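Student: sharing a model prediction with you, sequence too.
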Amino acid sequence: KYKANGINTLIDGLFGELTFEDKHLGYDIDTVKITIQVDSNKYLSTFNMAYLVNQQAWIFGPQRLKVFDDNDRLIGEKVFEDVDQKCVSNHRVFSMKLAANKSSYLTILIEPLTSIPSWHPGRGNKAWFFTDEIWLY
């Protein structure tokens, strides 16, 4: 439903605002899968992602994130322990070290919060996940 400028939204260098309609990709699915083609001559060691948290609009951060190389080898993983805690709306940037490697593409699997927590008016429903930038170095 929220597709901004399509996949280019993730690499256009434009960070979204606290509003989510224009510059974010919005997902309400079990697992978001993003495949990024990368320069196979460069070692990549860091994954970065910007995302939105706006709990009033049912938008929560990710619950889990995994990065795989082009051989389907897990090269980075993060479990977000506090994703279901109350917080003010904000735009977050997450950075994670990867097992350095040369790949022609990376696959990112993002698992949104599976169920909105009991303290929220939308309790029990699927949470939305919104992201606006991904970059690697």
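Tutor: Here it is on my side, so go on.
Student: name the SS class of the residue of the chain most remote from its centre, please.
Tutor: Ranked by distance from the centre of the chain (CA atoms, centre = their mean), the top residue is residue 41, with 25.2 Å. The three-state label given to residue 41 by DSSP: H, G, I helix; E, B strand; the rest coil is coil.
Student: per-residue confidence at the closest residue in space to it that isn't next to it in sequence?
Tutor: Distances taken as CB to CB, 6 or more residues apart in numbering place residue 102 nearest to residue 41, at 6.9 Å, with adjacent residues excluded. In this view, the C-beta of every residue, glycine as well, is placed from N, C-alpha and C. At residue 102, the model reports a pLDDT of 89.
Student: contact partners for residue 102?
Tutor: Contacts for residue 102 were tallied using CB atoms under 8 Å, 6 or more residues apart in numbering; they are 40-44.
Student: and if we set it to 7 Å?
Tutor: By CB atoms under 7 Å, 6 or more residues apart in numbering, the residues touching residue 102 are 40-43.
Student: okay if I get those as JSON lines plus pLDDT?
Tutor: Rendered in JSON lines, the data for the contacts of residue 102 read as follows (pLDDT from 0 to 100):
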{"residue": "40", "pLDDT": "88"}
{"residue": "41", "pLDDT": "88"}
{"residue": "42", "pLDDT": "90"}
{"residue": "43", "pLDDT": "90"}
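Student: and the furthest pair within these?
Tutor: Maximum pairwise distance among the contacts of residue 102 (CB to CB): 10.1 Å, between 40 and 43.
Student: what residues of the longest strand seen in the chain count as buried?
Tutor: When the chain is parsed with DSSP state E, its longest strand is strand 90-101. Neighbour-count burial for strand 90-101 flags 91, 94, 98 (criterion: 16 or more other CB atoms under 10 Å).
Student: from these, which single one is nearest residue 73?
Tutor: residue 98 (10.6 Å).
Student: tell me the contacts of the closest one?
Tutor: Residue 98 touches 44-47, 67, 75-76, counting by CB under 7 Å, 6+ apart.
Student: most neighbours of all the residues you listed, which one?
Tutor: With neighbours defined as other CB atoms under 10 Å, the most crowded of the contacts of residue 98 is residue 67; it has 25 neighbours.
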